[in-house]
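# return atomic coordinates for the entry below.
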Amino acid sequence: MFSQEQIVEKGIIKYIRGNRATVEIIKPDSNKCKSCGVCMGIENTGNLLEVDTIPQVSVGQQVTLQTTGYSPYKSMLLLFILPIVSLLIGSFVGQKIDFIYPNSQDIRMIGCGFIFFSILYRISRYLR
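Residues are numbered from 1 along each chain as shown. Sure, this is the predicted structure:
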């Protein structure tokens, strides 16, 4: 449902500390680089990225990195649409349920809204 894009970048290893390596990404001059968003705000300076290393690499070696770029639509869905929809559904269900806090309709509406939100959040985690 939500698209993922594999991004391949080249870089040079600058530091190795234990099992972590700091890689300076070589920024290409292409139109695809503008739409990626990994190097946001980087002009001509190097972009450093810390990654897990393997024993065969050394400082100064050129490496190829593959990262996964996720679609921003899932984040927008979780931040804006899902809370509003779940609170509306929960408030309608909370109005009809009388056995939970029978004296306070507002608490039932808010409580059911949070319950619906947590259920929909759990479901959305499996939509990857």
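# could you point out the longest helix of this protein?
With secondary structure taken from DSSP state H, the chain has its longest helix at helix 105-125.
# that one: which residues count as buried?
R108, M109, G111, C112, G113, F116, F117, L120 (16 or more other C-beta atoms under 10 Å). For glycine as for every other residue, the C-beta is placed from the backbone atoms N, C-alpha and C.
# helices or strands up against it?
Applying 3 or more C-beta pairs under 8 Å, 6 or more residues apart in numbering; DSSP states H and E, we find helix 105-125 packed against helix 82-96.
# for the helix it packs on, list the C-alpha coordinates in PDB.
Written as PDB, here are the backbone C-alpha positions of helix 82-96 (Å, rounded to 0.1, in the frame of the first residue of the first chain):
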ATOM      1  CA  LEU A  82      -6.200   8.500  11.900                       C
ATOM      2  CA  PRO A  83      -6.600  10.400  15.200                       C
ATOM      3  CA  ILE A  84      -9.500  12.400  13.900                       C
ATOM      4  CA  VAL A  85     -11.300   9.400  12.500                       C
ATOM      5  CA  SER A  86     -10.800   7.200  15.500                       C
ATOM      6  CA  LEU A  87     -11.900  10.000  17.900                       C
ATOM      7  CA  LEU A  88     -15.000  10.600  15.900                       C
ATOM      8  CA  ILE A  89     -15.900   6.800  15.700                       C
ATOM      9  CA  GLY A  90     -15.000   6.500  19.400                       C
ATOM     10  CA  SER A  91     -17.200   9.400  20.300                       C
ATOM     11  CA  PHE A  92     -20.200   7.900  18.500                       C
ATOM     12  CA  VAL A  93     -19.600   4.500  20.100                       C
ATOM     13  CA  GLY A  94     -19.100   6.200  23.500                       C
ATOM     14  CA  GLN A  95     -22.500   7.900  23.300                       C
ATOM     15  CA  LYS A  96     -24.200   4.500  22.900                       C
END
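# any stretches of the chain with poor pLDDT?
The chain contains residues with pLDDT under 70 at 1-4, 28-46, 127-128.
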